[in-house]
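**Student:** Return atomic coordinates for the entry below.
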Amino acid sequence: MGDYILREIDRIGELLRALLDRAGALRHAGSGLQLRETTPDSLPDTAAGRIRDAEAGLRDTIRNGLRTEAGIDIDALAASPDPVRHLTDRHGLAEEHLELLAELLFDLAAAAPDRAEQRRLARTADALCRHLDACGAPASFGRYLLLQKLEQYLNP
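**Tutor:** So this is what the prediction gives:
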């Protein structure tokens with residue numbers, strides 16, 4: 001039984017990394033997330049439409065992947081008063097995967113269609129990162145940078 005649990009934890013970690021790779025590929029290809037803040041309003045409608053489509057595709061890919069492969073519903077997670085407990089108790093996620101999930105939540109917040117959704121997802125990602133800091137997880141420069149980026153959605 002212990003081997004099965006370890007394999008499931010590894011599978012969830014692989015899923016999170018694969019979704020992050022996919023989100024990163026979209027960002028580095030010049031669509032969506034990086035352009036949202038830097039795209040001038042004067043872009044032709046077709047370019048702006050492609051950016052919106054890429055963002056929607058990213059949101060759907062991450063949400064559907066987490067729901068079908070790991071059983072994690074982003075909306076239920078964001079509505080949970082204690083997202084860490086929701087992930088560890090209900091889904092069996094190890095703390096080593098919380099930072100990966102926080103990065104995915106940041107990507108979702110960056111691609112969210114409105115400020116309320118951005119703030120809701122950013123609060124959840126922030127809670128995961130702060131939990132890792134509070135429980136004595138190894139220091140992570142990536143987590144530090146992520147917390148800084150999250151501030152733009154938490155305190156606009």
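
**Student:** okay, CA-based contacts and neighbour counts for the rest of this
**Tutor:** Fine.

**Student:** With just CA atoms, put stretch 76-92 into PDB.
**Tutor:** Only the C-alpha atoms of stretch 76-92 are listed here, as PDB (Å, rounded to 0.1, in the frame of the first residue of the first chain):
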ATOM      1  CA  ALA A  76     -13.500  24.400  -4.800                       C
ATOM      2  CA  LEU A  77      -9.800  24.900  -3.800                       C
ATOM      3  CA  ALA A  78     -10.100  28.700  -4.100                       C
ATOM      4  CA  ALA A  79     -13.300  28.700  -2.100                       C
ATOM      5  CA  SER A  80     -11.800  26.600   0.700                       C
ATOM      6  CA  PRO A  81     -11.100  28.500   3.900                       C
ATOM      7  CA  ASP A  82      -7.900  26.400   4.300                       C
ATOM      8  CA  PRO A  83      -6.500  25.500   0.900                       C
ATOM      9  CA  VAL A  84      -3.500  23.700   2.300                       C
ATOM     10  CA  ARG A  85      -5.700  21.300   4.400                       C
ATOM     11  CA  HIS A  86      -8.000  20.900   1.400                       C
ATOM     12  CA  LEU A  87      -5.000  19.700  -0.700                       C
ATOM     13  CA  THR A  88      -3.200  17.600   1.900                       C
ATOM     14  CA  ASP A  89      -6.300  15.900   3.500                       C
ATOM     15  CA  ARG A  90      -8.600  15.600   0.600                       C
ATOM     16  CA  HIS A  91      -6.200  15.000  -2.300                       C
ATOM     17  CA  GLY A  92      -3.100  13.700  -0.500                       C
END
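
**Student:** what about residue 17, neighbour count?
**Tutor:** 17 (other C-alpha atoms under 10 Å).

**Student:** What's the first helix or strand after the one helix or strand residue 122 maps to?
**Tutor:** Residue 122 is located in helix 115-134, with elements delineated by DSSP states H and E. Per DSSP H and E, the first helix or strand lying C-terminal to helix 115-134 is helix 141-154.

**Student:** Distance from that following helix to the middle of the chain?
**Tutor:** Chain-centre distance of helix 141-154: 12 Å, with C-alpha atoms, centre = their mean, to the nearest Å.

**Student:** the inter-axis angle of it versus helix 115-134?
**Tutor:** If you take axes from the mean of the first three to the mean of the last three C-alpha atoms, to 10 degrees, helix 141-154 sits at 150 degrees to helix 115-134.
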